[in-house]
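**Student:** Fold the following, please.
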Amino acid sequence: RRFKPYHRLDLRYDYRKYFKKFTLVTYFSIENVYNRKNEGQVFWNTKTHKTEFSYQTGFFPVGGVSLEF
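**Tutor:** Just a heads-up that it's a prediction; the model follows:
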């Protein structure tokens, strides 16, 4: 069988602070806002002799800081 339809919404907010020699970027993002279970991989289970699916990560908040030169 084919994979089920895939959908995922990611949101991200960046804030940039400019300095003379670099830019400081802070960010916050939310991956998979809907917390939808999307199929990620299909594999064969040798014990049950059936195909099984693994799923991608659900709702996942991320934050961080980066420097741009």
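**Student:** For L67, which residues count as its bridge partners?
**Tutor:** L24 (DSSP bridges).
**Student:** And S29, by the same measure?
**Tutor:** Applying DSSP bridges to S29 gives these bridge partners: R12, V62.
**Student:** from what I can see it touches P61, true?
**Tutor:** Yes - if you go by Cβ atoms under 8 Å, S29 and P61 touch, sitting 7.4 Å apart. From N, CA and C alone the C-beta is placed, and that goes for glycine too.
**Student:** Between these two, tell me which one has more neighbours.
**Tutor:** S29 (15 against 9; other Cβ atoms under 10 Å).
**Student:** Once you drop chain neighbours, what's closest to H7?
**Tutor:** Leaving aside its sequence neighbours, H7 sits nearest to R36 (Cβ to Cβ, 6 or more residues apart in numbering; 6.2 Å).
**Student:** Just give me the neighbour total for the one you found.
**Tutor:** R36 has 15 nearby residues by other Cβ under 10 Å.
**Student:** Which of the three states applies to it?
**Tutor:** Per DSSP: H, G, I helix; E, B strand; the rest coil, the secondary structure class of R36 is coil.
**Student:** and it, how far is that from Y6?
**Tutor:** Look at R36 and Y6: by Cβ to Cβ, to the nearest Å, they are 9 Å apart.
**Student:** on that earlier part again, which ones are touching the residue nearest to H7?
**Tutor:** Applying Cβ atoms under 8 Å, 6 or more residues apart in numbering to R36 gives the contacts H7, R8, G58.
**Student:** how about the residue sitting nearest the centre point of the chain, what does it touch?
**Tutor:** Residue closest to the mean C-alpha point of the chain, counted by Cα atoms, centre = their mean, is E31 at 4.6 Å. Counting by Cβ under 8 Å, 6+ apart, E31 makes contact with R8, D10, T57, F59, F60, P61, V62.
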